[in-house]
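Chemist: Fold the following and give me the result.
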Amino acid sequence: MIGASGGARTWPISRTAPAKVNLILEVRGKRADGYHELRSVLAPLALSDEILARPGSRPSPEALPDAPPDRLVVRGLATGPLEENLVLHAVSLLRGATGRALPPLDLELRKAIPVAAGLGGGSSDAEAVLELAAHAWGIRVGNRRLRRLAASIGSDVPFFVLHGWGLSSGRGERLQPLPPPTGGPLGVLLFTPEIRLSTRLVFDALDRATGGAPPPDRRPLPSTAGRLAGRLRGGIPAAELAELTPTNDLWGPASELLPGLGQLRATLETLLSRPVHMSGSGPTLFVLYANPEGARRAARLVESALEGSDRFAAGATRPAVIATHTLGGS
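Modeler: Numbers count the residues shown, from 1 in each chain. Now for the predicted structure:
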């Protein structure tokens with residue numbers, strides 16, 4: 001349902017758009033529609049972008065029928081061509097869904113999440129701007145409708161409608177909310193190489209290796225993501241979750257496409273004596289800690305080791321190192 005909503009506004013209005021990590025990512029096979037059947041436990045991160053909206057400074061869409069009504073400015077990390085940005089696509093989609101003439105918006109994206117890195121930054125931006133534009137226009141978008149709009153933008157976008165932890169399945173459109181671990185947020189140390197991996201190419205490489213079928217040793221077993229979801233519902237402590245065994249079915253094809261990623265992972269495992277995970281289709285690697293301070297201490301250790309070393313290169317320059325933490329919990 002999309003309807004009217006009252007209330008005065010003070011401009012600009014803003015929304016944060018958090019990054020995510022896939023604690024577990026399983027690929028259960030390729031579907032008839034060309035998408036892959038996935039199961040994943042996802043956690044939102046404190047690392048986030050910010051989107052601001054103001055009334056548009058351009059004439060109304062009716063005055064300029066061939067011009068995009070909304071304007072986007074990006075500050076911080078580069079995101080590529082503006083016309084391809086999901087923020088503008090999401091606003092256009094919401095405008096079309098209302099069936100009403102709506103005024104243009106001036107949007108500002110303050111980008112802090114590494115781009116095309118497996119952290120869901122673009123998807124999170126798209127979901128955040130759906131809510132932001134609805135508020136700016138004074139319309140109500142029901143949760144079900146919001147999830148449908150989000151799913152039409154991309155597979156990762158519906159997760160961010162939860163504003164919390166979740167178990168996703170299908171191509172990402174089926175979601176179950178999950179509680180965060182007990183005992184406080186997890187520390188998360190991110191390592192993002194400068195080089196990027198195409199999600200499509202990673203899945204193509206997986207299909208070549210598996211013929212589109214699930215990994216043979218996965219078929220008779222219950223879903224690892226499902227088991228972790230059950231443990232979260234039962235109240236797993238953060239310190240226990242930090243010892244999670246890495247499970248990401250895209251690791252093989254990602255490390256094949258970017259051979260330096262395997263070297264980076266091995267180096268980090270040796271240096272930190274911790275399990276090293278990969279988020280999404282990569283190339284971001286991450287390490288979990290029982291608390292945020294653990295991640296901050298490890299970041300200082302890694303930054304010191306990076307000085308004068310080429311052991312951390314993954315096909316390009318040394319990786320960006322970001323200490324953050326999961327959202328939710330106390």
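Chemist: All the strands of the protein, in order from the start?
Modeler: Along the chain, the stretches classed as strands by DSSP state E are 2-4, 13-30, 36-55, 71-76, 105-111, 139-141, 165-170, 174-178, 187-192, 247-248, 277-278, 285-289, 320-325.
Chemist: just so I know, which of the ones you listed lies nearest residue 129?
Modeler: Evaluated over the strands of the chain, closeness to residue 129 peaks at strand 36-55, with 5.4 Å, by CB to CB. For the C-beta atoms, the positions are set from N, CA and C on the backbone; glycine is no exception.
Chemist: For the closest one, name the packing helices and strands.
Modeler: strand 13-30, strand 105-111, helix 121-137, strand 165-170, strand 187-192, helix 224-234, strand 320-325 (3 or more CB pairs under 8 Å, 6 or more residues apart in numbering; DSSP states H and E).
Chemist: Quick one, which of the ones you listed gets closest to residue 80.
Modeler: Using CB to CB, those put helix 121-137 closest to residue 80, at 9.5 Å.
Chemist: Quick one: mean pLDDT for that closest one?
Modeler: The average pLDDT within helix 121-137 is 97.
Chemist: Kindly format the C-alpha coordinates of it as PDB.
Modeler: Extracted in PDB, the C-alpha atoms of helix 121-137 (Å, rounded to 0.1, in the frame of the first residue of the first chain):
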ATOM      1  CA  GLY A 121      26.600  -0.800  -0.100                       C
ATOM      2  CA  GLY A 122      24.700  -0.100  -3.300                       C
ATOM      3  CA  SER A 123      21.800  -2.300  -2.200                       C
ATOM      4  CA  SER A 124      21.700  -0.700   1.200                       C
ATOM      5  CA  ASP A 125      21.700   2.800  -0.400                       C
ATOM      6  CA  ALA A 126      18.800   1.800  -2.600                       C
ATOM      7  CA  GLU A 127      16.700   0.500   0.300                       C
ATOM      8  CA  ALA A 128      17.500   3.600   2.400                       C
ATOM      9  CA  VAL A 129      16.500   6.000  -0.400                       C
ATOM     10  CA  LEU A 130      13.200   4.200  -0.900                       C
ATOM     11  CA  GLU A 131      12.300   5.100   2.700                       C
ATOM     12  CA  LEU A 132      13.900   8.500   2.500                       C
ATOM     13  CA  ALA A 133      12.000   9.500  -0.700                       C
ATOM     14  CA  ALA A 134       8.700   8.200   0.700                       C
ATOM     15  CA  HIS A 135       9.200  10.400   3.800                       C
ATOM     16  CA  ALA A 136      10.200  13.400   1.600                       C
ATOM     17  CA  TRP A 137       7.100  13.000  -0.500                       C
END
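Chemist: report the angle between the axes of it and strand 36-55?
Modeler: Relative orientation of helix 121-137 versus strand 36-55 (axes from the mean of the first three to the mean of the last three CA atoms, to 10 degrees): 40 degrees.
Chemist: what's residue 110 in contact with, if anything?
Modeler: Residues counted as contacts of residue 110 (CB atoms under 8 Å, 6 or more residues apart in numbering) are 49, 50, 51, 52, 75, 76.
Chemist: Top of those by number of neighbours, please.
Modeler: Neighbour counts for the contacts of residue 110 (other CB atoms under 10 Å) peak at residue 51, which has 26 neighbours.
Chemist: So for the most centrally placed residue in the chain, what's the nearest residue that isn't a sequence neighbour?
Modeler: In the chain, the C-alpha nearest the mean C-alpha coordinate belongs to residue 120, at 1.9 Å (CA atoms, centre = their mean). Distances taken as CB to CB, 6 or more residues apart in numbering place residue 20 nearest to residue 120, at 4.3 Å, with adjacent residues excluded.
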